[in-house]
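Novice: Any chance you could fold what I've pasted below:
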Amino acid sequence: MKGRMCLASATCLVLTLLFSSSAWAYQQPLGLNLGYTSFMDGAPPAGPGFYIAEYLSYYHANRLNNIPGGADPGLNAWVNLNQFLYQSNTPILFGGKWGIDVIVPFVAIDSDLVPGDNDGMGDLLVGPYLQWDPIMGKNGPIFMHRIELQTIWPTGRYTENKVLNPGSNHFSFDPYWAATYFIAPQWTVDWRIHYLWNANNDDPFVGYGVNEVKVGQAVHANFSSSYEVLPKQLRVGVNGYYLQEITQSEIGGVEQGREQVLALGPGALYSFSQNTHLFFNLYFEMAVHNRPEGEFAVLRLVHHF
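Specialist: Numbering: from 1, shown residues only. This is a model prediction of the structure:
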């Protein structure tokens with residue numbers, strides 16, 4: 001019995017260290033956009049109207065940073081995002097045309113350290129936004145951008161008895177600015193810059209032994225550059241993401257290490273038509289602190305009705 005108690009205590013300690021501030025729905029919300037968007041991000045691809053986008057993604061952590069012994073976390077996560085977007089043709093503020101963005105995630109998490117069913121609906125993302133028409137030059141568009149006031153609502157599956165959950169159990173406000181700049185008609189650079197504010201989790205994992213977890217604030221960004229190799233059909237390039245916590249999460253008043261990650265990799269965009277586009281992005285994480293480190297792949301299909 002004593003040996004089992006020691007093993008349980010050790011396991012709880014490892015889980016607390018490992019998952020206390022991970023971006024995979026442990027403190028930071030699972031719907032956080034790290035690498036989900038990339039090329040031509042400054043505007044919807046076909047102008048006003050309804051869009052649906054389906055994302056299939058897979059993350060595997062092959063390294064565990066800042067944990068004594070450097071144990072392999074055996075962490076795998078599959079995420080399916082279902083995005084519904086409406087872009088109006090009506091300007092309402094400084095020439096920006098209003099739109100609304102809704103994302104419903106579904107999540108499957110597998111970890112050697114936490115066996116059991118961790119599948120389910122993730123947190124709902126809702127964001128009103130303003131989209132500006134492209135700034136045009138003599139050879140086509142030069143710059144296009146938008147601002148979205150994205151919110152993340154704690155609607156996902158969550159239980160305080162598990163350290164890994166599809167839902168985060170706290171509200172987040174994650175506004176961003178997305179833009180595409182045309183260096184040349186075929187060559188673009190893109191960015192999406194977020195500021196993430198998190199409310200506290202007032203029903204945290206029971207293994208922490210506290211009634212509330214203060215969740216850190218962060219900045220995060222996606223960035224990419226692509227070149228059109230087949231006119232109006234195929235773009236290839238490089239893509240990346242970066243996250244840095246700017247305030248520390250606290251568990252029972254004890255400050256946790258700040259998360260940081262940089263990821264880079266190749267990507268491609270294939271356009272079946274003006275209305276249907278397929279994105280593929282692959283990322284390899286580096287410069288990681290206080291979170292798992294691994295590879296991330298995203299396949300995204302966007303259709304305009």
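
Novice: C-alpha from now on. contacts and neighbour counts both.
Specialist: Will do.

Novice: in this protein, what spans have low per-residue confidence?
Specialist: For the chain, the stretches with pLDDT under 70 are 1-28, 30, 64-73, 112-117.

Novice: With just CA atoms, put the strand ranked longest in it into PDB.
Specialist: If you go by DSSP state E, the chain has its longest strand at strand 75-93. Included here for strand 75-93 are C-alpha records, laid out as PDB according to Å, rounded to 0.1, in the frame of the first residue of the first chain:
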ATOM      1  CA  LEU A  75       1.200  12.600 -26.000                       C
ATOM      2  CA  ASN A  76      -0.900  12.500 -29.200                       C
ATOM      3  CA  ALA A  77      -3.700  14.800 -30.000                       C
ATOM      4  CA  TRP A  78      -6.100  14.700 -33.000                       C
ATOM      5  CA  VAL A  79      -8.200  17.800 -33.500                       C
ATOM      6  CA  ASN A  80     -11.000  18.400 -36.000                       C
ATOM      7  CA  LEU A  81     -12.100  22.000 -36.400                       C
ATOM      8  CA  ASN A  82     -15.400  22.800 -38.100                       C
ATOM      9  CA  GLN A  83     -15.400  26.500 -39.100                       C
ATOM     10  CA  PHE A  84     -18.400  28.500 -40.400                       C
ATOM     11  CA  LEU A  85     -17.800  32.000 -41.600                       C
ATOM     12  CA  TYR A  86     -19.900  34.700 -43.200                       C
ATOM     13  CA  GLN A  87     -18.300  37.700 -44.900                       C
ATOM     14  CA  SER A  88     -20.700  40.500 -45.700                       C
ATOM     15  CA  ASN A  89     -20.300  43.200 -48.400                       C
ATOM     16  CA  THR A  90     -21.400  46.000 -46.000                       C
ATOM     17  CA  PRO A  91     -18.700  48.400 -44.600                       C
ATOM     18  CA  ILE A  92     -19.500  49.600 -41.100                       C
ATOM     19  CA  LEU A  93     -16.300  51.100 -39.600                       C
END
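
Novice: elements contacting it?
Specialist: strand 49-64, strand 96-111 (3 or more C-alpha pairs under 8 Å, 6 or more residues apart in numbering; DSSP states H and E).

Novice: can I get these in a markdown table with mean neighbour count and distance to residue 166?
Specialist: As requested, the helices and strands packed on strand 75-93 are exported to a markdown table (neighbours: other C-alpha atoms under 10 Å; distance: least, C-alpha to C-alpha, whole Å):
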| stretch | mean neighbour count | distance to residue 166 |
| --- | --- | --- |
| strand 49-64 | 18 | 14 |
| strand 96-111 | 20 | 6 |
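
Novice: can you give me the strands for the stretch 101-250 of the chain?
Specialist: Counting by DSSP state E, counting those that start in this stretch, the stretch 101-250 of the chain has strands at residues 120-121, 124-131, 135-137, 140-148, 151-153, 172-173, 176-184, 187-198, 213-214, 218-230, 234-245, 250-251.
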